[in-house]
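Colleague: need a 3D model of the following:
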Amino acid sequence: MAFHPSIDTELLRSFVAIADTGGFTRAAETVNRTQSAVSMQMKRLEEDVVQRPLFERDGRQVRLTPEGQVLLGYARRILKLHGEVLNTLREPHMVGAVRIGTPDDYVMRFLPEILSRFAQAYPLVQVEVHCEPSGQLLLRQDLDLTIVTRQPGKEIGQLLRQERFAWAVAQGFCPHEQNPMPLAMFNADCFCREWACNALDAMSRPYRIAYTSPSLSAIFAVVRAGLAVTAQLQSLITPDLRILGEAEGLPLLPLTSIVLLRNESSQSPVTECLAEHIVEGFRL
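Modeller: Predicted coordinates for the structure are as follows:
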């Protein structure tokens, strides 16, 4: 039977670090080793394991050979599976279900990356996502974690981030010049709708609620068609939309606080791990 040498995951970890940073020095810092140790690792990987050159040197920069590019794809997959195995076997208590509640707008902007990283780390945990306006979420007692919008100074729970609301229209359209100005907003129990209407009332600017929906996708579809103005968090406004402000005769909208609430009666290592991922995801 032919003997095939095995590949140490630490060799692959250093190899991926070199590919990502473009050099041995920065890679050594990434994997917390000396540069000479990383060089020895790569010599071993090239000569004893794959028996092919993996790097081309161009001054201080290091590029992968075609064989190195092939190995890079496999290395990433091996390291990903390696991490999943360790997380599953070393933390067998990380199983079960977590129920989180969030307004629809945060689902599109923040949750995809958060849930992706959490699923990679804890593949056996089931996550239930319930989308409702903040006012309704505050009344629910059956959720383990809840993300809601609050006015600055009225925060409860853990502050995730603060951000300003902004007016937005589709590029090339001017519905804000109509009188009364048509708005596309969330339903009546939404904080941002209340704040937007109060700001317009304070400056006696005529407006009408032309379109309502609990779905941010539906609101943006109306706005992209040039039919209405909306008010949303600045981070939610996509490049195909244009932010409006005082230059267009619209009032400055307030800052808002996004907070995370924990249900103390249902806390567990699973829910706390997801809470940590949520906190980190909103800060990023």
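Colleague: for whichever strand or helix holds residue 74, what is the average pLDDT?
Modeller: If you go by DSSP states H and E, residue 74 is part of helix 66-90. Averaged over helix 66-90, pLDDT sits at 83.
Colleague: please begin residue numbering at 49 from this point
Modeller: In the new count, where the first residue is 49, that last one comes out as helix 114-138.
Colleague: what helices and strands are in contact with that helix?
Modeller: Applying 3 or more Cβ pairs under 8 Å, 6 or more residues apart in numbering; DSSP states H and E, one finds that helix 114-138 contacts helix 57-69, helix 159-169. (Each C-beta comes from the backbone N, C-alpha and C, glycine too.)
Colleague: now stretch 72-87 - C-alpha only, PDB.
Modeller: Extracted in PDB, the C-alpha atoms of stretch 72-87 (Å, rounded to 0.1, in the frame of the first residue of the first chain):
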ATOM      1  CA  PHE A  72       5.800  35.800   5.500                       C
ATOM      2  CA  THR A  73       6.300  38.700   8.000                       C
ATOM      3  CA  ARG A  74       2.600  39.600   8.300                       C
ATOM      4  CA  ALA A  75       1.600  36.000   8.200                       C
ATOM      5  CA  ALA A  76       3.900  35.300  11.100                       C
ATOM      6  CA  GLU A  77       2.100  38.000  13.100                       C
ATOM      7  CA  THR A  78      -1.300  36.600  12.200                       C
ATOM      8  CA  VAL A  79      -0.500  33.000  13.400                       C
ATOM      9  CA  ASN A  80       1.600  34.200  16.300                       C
ATOM     10  CA  ARG A  81       4.900  32.700  15.200                       C
ATOM     11  CA  THR A  82       8.300  34.000  14.200                       C
ATOM     12  CA  GLN A  83       9.000  34.600  10.600                       C
ATOM     13  CA  SER A  84      11.700  31.900  10.600                       C
ATOM     14  CA  ALA A  85       9.300  29.400  12.000                       C
ATOM     15  CA  VAL A  86       6.800  30.100   9.300                       C
ATOM     16  CA  SER A  87       9.500  29.800   6.700                       C
END
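Colleague: tell me, how many residues neighbour residue 184?
Modeller: By other Cβ atoms under 10 Å, 16 other residues sit near residue 184.
Colleague: returning to that earlier point: which one of the helices and strands packed on helix 114-138 lies closest to residue 185?
Modeller: For these, proximity to residue 185 was assessed by Cβ to Cβ; helix 159-169 is nearest, at 14.2 Å.
Colleague: elements contacting that closest one?
Modeller: Using 3+ Cβ pairs under 8 Å, 6+ apart: helix 159-169 touches helix 114-138, strand 173-179, helix 317-331.
Colleague: run the last query once more with 7 Å
Modeller: Using 3 or more Cβ pairs under 7 Å, 6 or more residues apart in numbering; DSSP states H and E, the elements in contact with helix 159-169 are helix 317-331.
Colleague: list the buried ones in the helix it packs on?
Modeller: Of the residues in helix 317-331, 318, 319, 321, 322, 323, 325, 326, 327, 329, 330 count as buried by neighbour count, 16 or more other Cβ atoms under 10 Å.
Colleague: in which helix or strand would I find the residue nearest to the last one when sequence neighbours are not counted?
Modeller: Spelled out, that is residue 330. Among residues not flanking residue 330 along the chain, residue 208 sits closest, at 3.9 Å (Cβ to Cβ, 6 or more residues apart in numbering). Per DSSP H and E: residue 208 is located in strand 206-218.
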